[in-house]
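Student: pasting the sequence and the predicted coordinates here, then a few questions.
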Amino acid sequence: MPIERFSKDHEFVKVDGDIGTVGITRHAAEQLGDVVFVEVPEVGRKVKAAEACAVVESVKAASDVFAPVSGEVVAANGDLAASPALVNEDAEGKAWFFKLKLSDKAELDKLMDRAAYEKLIADNA
């Protein structure tokens, strides 16, 4: 079963083996409103945890998307360029931004599980 973790900046990473699928959370998508543009990192790029590596723009704002963990980008979701609205429709599913080959699984320990993330959202509501 994949490990699911969340950052305080509203990114998720779903880890299966040593590959992490990264995107923004449903909550972040709701806060942004209608997403009109997404830029994902190039395959082969090495990123560090907390590094800005993607962009999401909505009718309200443009936001950086940060890597929740360090690693090398092994896949990027090209569907988002053609259909940025996927982020609003299925933020934590089909609208993943990129996949990373994790370089340090211990970094997952610095992130929240779903219960802690839901509490963060509730406390900030």
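Tutor: Happy to help now that I have it. Numbering: from 1, shown residues only.

Student: which elements pack onto the least confident helix or strand in the chain by mean pLDDT?
Tutor: Each helix and strand of the chain was given a mean pLDDT (mean pLDDT, DSSP states H and E); the minimum falls on helix 79-82 at a mean of 94. Packing partners of helix 79-82 (3 or more CB pairs under 8 Å, 6 or more residues apart in numbering; DSSP states H and E): strand 35-39, helix 86-90. All C-beta spots, glycine's among them, are computed from the backbone N, C-alpha and C.

Student: mean neighbour count, mean pLDDT and distance to Glu72 for the ones you listed - can I get that in a markdown table?
Tutor: Formatted as a markdown table, the helices and strands packed on helix 79-82 follow (neighbours: other CB atoms under 10 Å; pLDDT from 0 to 100; distance: least, CB to CB, whole Å):
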| stretch | mean neighbour count | mean pLDDT | distance to Glu72 |
| --- | --- | --- | --- |
| strand 35-39 | 19 | 97 | 18 |
| helix 86-90 | 18 | 97 | 23 |
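
Student: quick one: which of these is nearest Met112?
Tutor: With respect to Met112, and counting by CB to CB, the nearest of the helices and strands packed on helix 79-82 is helix 86-90 at 20.8 Å.

Student: can you pull the contacts of Tyr105?
Tutor: Quick fix: residue 105 reads Lys, not Tyr. 15, 18 (CB atoms under 8 Å, 6 or more residues apart in numbering).

Student: for the closest residue to Val40 other than its chain neighbours, grab phi and psi.
Tutor: Nearest in space to Val40, with sequence neighbours left out and distances taken as CB to CB, 6 or more residues apart in numbering, is Ala76 at 4.2 Å. Backbone torsions of Ala76, given as degrees, to the nearest 10, read phi -130, psi 140.
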